[in-house]
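Chemist: Need a 3D model of the sequence below.
(one chain, ligands or ions: 3)
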Amino acid sequence: MRITQIIFSPTGGTQRVADILTSGWNFDAIDKVDLSNPKTDYSLFNFEEDDIAVIAVPSFAGRVPVLAAERLAKLDGRKTPCVLICVYGNRAYEDTLIELHDLANQSNFKVIAAISAVAEHSIMHQYAAARPDRQDKRQLQDFAKKIYEKITDTAACDIPLNLPGNRPYKKTGGSSLIPKADAKCTHCGICADRCPAEAIDRNNLKVSDSKKCISCMRCIAECPSSARKVNSAMVAAAAFAMKKACSERKENELFI
Ligand SMILES: Cc1cc2nc3c(=O)[nH]c(=O)nc-3n(C[C@H](O)[C@H](O)[C@H](O)COP(=O)(O)O)c2cc1C
Ligand code: SF4
Ligand code: SF4
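Modeler: Ligands and ions are numbered 1, 2, ... in the order given. Below you'll find the predicted structure:
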């Protein structure tokens, strides 16, 4: 049996959650499909019915990030059993999990379990700071055990899951948090190489293309000179507006 992680994780929180889950299964090797690489031809990946896929995405404004959705649609799951993970920054994940479920079905995966999990908010880092933490780890390892028991029970895997969320999904707006580089920029080009949306032109590294940028915050997280930033007043205003919704600790959930 082969495990494949199919992951969109611009700043690493989603990847950390998926790693905790799959480490609980004790497999030697884990294949990876990185949904953040604009150069990959996603139609070339192969899956088999006796593999397990873990599809993990962050929630962006309560939805699956648009690039992750487009790239997932190119995969052919060939009825491979799959576990869905939606990671969010302690506000809410709204329609993310149900949309991810629909995308996985459309790509021919067989969804057998789903998880919502909390990780540090990648824009407002004060919310869910340093999560997943030890308590999350214990919870996710317990989920891993329960899912593993289900994988071997073929009849149970045929029962459809009941997931939270609405259809039609909530509407998404354009992004207003577009990073820019300041005078500390050394023109190393790392941000352009790593941008999942190809929104940074190598010949004009200081700005990001607002039509392509999905505000994923990877260029800020990976800039070695701490030169890339979004408008701090806008972030502070958003953090203030969301304080009530984001402050109380939310727990991870398993749908099985
Ligand atoms: C553009 C954007 C939108 C987000 N929207 C939400 C949201 O609606 N609810 C929430 O709880 N967290 C939200 N977050 C926080 C992320 O879901 C969370 O930090 C996640 O761990 C980021 O995943 P990553 O570290 O793999 O990039 C958002 C983050 C970004 C960058
Ligand atoms: S990663 Fe940072 S220093 Fe390098 S080009 Fe981008 S903004 Fe400039
Ligand atoms: S330019 Fe936009 S899409 Fe590209 S890495 Fe930065 S925030 Fe993400």
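
Chemist: check contacts around residue 179.
Modeler: Contact analysis of residue 179 by C-beta atoms under 8 Å, 6 or more residues apart in numbering lists 208, 213, 215, 217, 219-220, 228-230. Any C-beta I mention is one placed from the backbone N, CA and C, and that applies to glycine too.

Chemist: at 7 Å instead, please
Modeler: Contact analysis of residue 179 by C-beta atoms under 7 Å, 6 or more residues apart in numbering lists 208, 219-220, 228-230.

Chemist: With pLDDT and secondary structure as extra columns, can I get those in JSON lines?
Modeler: Output for the contacts of residue 179, formatted as JSON lines (pLDDT from 0 to 100; DSSP: H, G, I helix; E, B strand; the rest coil):
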{"residue": "208", "pLDDT": "97", "secondary structure": "coil"}
{"residue": "219", "pLDDT": "98", "secondary structure": "helix"}
{"residue": "220", "pLDDT": "98", "secondary structure": "helix"}
{"residue": "228", "pLDDT": "98", "secondary structure": "strand"}
{"residue": "229", "pLDDT": "96", "secondary structure": "strand"}
{"residue": "230", "pLDDT": "96", "secondary structure": "coil"}
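
Chemist: Quick check: the farthest pair among the residues you listed?
Modeler: The most widely separated members of those, counting by C-beta to C-beta, are 208 and 229 (11.1 Å).

Chemist: ok so, going back, quick one: which of the contacts of residue 179 is the most crowded by neighbours?
Modeler: Neighbour counts for the contacts of residue 179 (other C-beta atoms under 10 Å) peak at residue 219, which has 29 neighbours.

Chemist: what about that one, distance to ligand 3?
Modeler: Separation of residue 219 from ligand 3 (C-beta to the nearest ligand atom, to the nearest Å) stands at 3 Å.

Chemist: anything in contact with each of residue 208 and residue 229?
Modeler: Counting by C-beta under 7 Å, 6+ apart, the residues touching both residue 208 and residue 229 are 179-180.

Chemist: re the thing from before, could I get the contacts of residue 179 as JSON lines with distance to residue 18?
Modeler: Converted to JSON lines, the contacts of residue 179 look like this (distance: C-beta to C-beta, whole Å):
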{"residue": "208", "distance to residue 18": "27"}
{"residue": "219", "distance to residue 18": "22"}
{"residue": "220", "distance to residue 18": "22"}
{"residue": "228", "distance to residue 18": "26"}
{"residue": "229", "distance to residue 18": "28"}
{"residue": "230", "distance to residue 18": "26"}
